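> everything below, folded, please.
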Amino acid sequence: MSLKHIDENENIKFDTFFGVVNTFSDNTVVVDKVGGGQVDLPYADNHFEPATDEWYELKNGDWSDEVDFIVQLDVFANDLAYEKYGAKNT
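Numbers count the residues shown, from 1 in each chain. The predicted structure is shown next:
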């Protein structure tokens, strides 16, 4: 999973991690992060891409060969950040 956090000044921070789907519904996927913690993601078929490689490595050196899907999402700090940097890309 890769979450790209963007604020209204276009400061960008990435949160990348491996996780296991705990539960999901029509609008939310709850993921247990490997190593601890939990994150709620919006559910949409276009957010989840099938994994195609045999193994994946994160920038921090963690790796896994048990990846089923890849998720990449932009997360905006507030409405202003979305209006400035997200609305034009959707």
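> which residues of the protein fall in helices?
Listed in chain order, the helices found in the chain under DSSP state H are 79-81.
> residues in contact with the longest strand belonging to it: which ones?
With DSSP state E applied, the strand covering the greatest number of residues in the chain is identified as strand 69-76. Outside strand 69-76, the residues that touch it by C-beta atoms under 8 Å, 6 or more residues apart in numbering are 1-7, 41-42, 47-51, 56, 82, 85-86, 89. Placement of C-beta: from N, CA and C, glycine included.
> out of the residues you listed, which are buried?
When burial is judged by neighbour count using 16 or more other C-beta atoms under 10 Å, the buried members of these are M1, L3, I6, D7, L41, F48, Y56, Y82, Y85.
> so what's the residue count around the closest residue to the first one other than its chain neighbours?
In this case it means M1. For M1, ignoring the flanking residues on the chain, the nearest one in space by C-beta to C-beta, 6 or more residues apart in numbering is V71 at 4.7 Å. Look at V71: counted by other C-beta atoms under 10 Å, it has 14 neighbours.
> same check, this time on E10
Other residues near E10 come to 9 when the count uses other C-beta under 10 Å.
> so who does it touch?
The neighbourhood of E10, defined by C-beta under 8 Å, 6+ apart, consists of A81, K84, Y85.
> and the residue nearest to the last one when sequence neighbours are not counted, what are its bridge partners?
Spatial nearest neighbour of Y85, chain neighbours left out: I6 (5.4 Å); criterion: C-beta to C-beta, 6+ apart. In this entry, I6 is beta-bridged to I12, F76, by DSSP bridges.
> next, the nearest residue to A77 once chain neighbours are set aside: phi, psi?
Residue nearest to A77 in three dimensions, not counting chain neighbours: D7, with 4.1 Å by C-beta to C-beta, 6+ apart. Per-residue torsions, D7: phi -100, psi -180 (degrees, to the nearest 10).
> relative to G86, how far out is D7?
Here D7 is placed at a distance of 12 Å from G86 (C-beta to C-beta, to the nearest Å).
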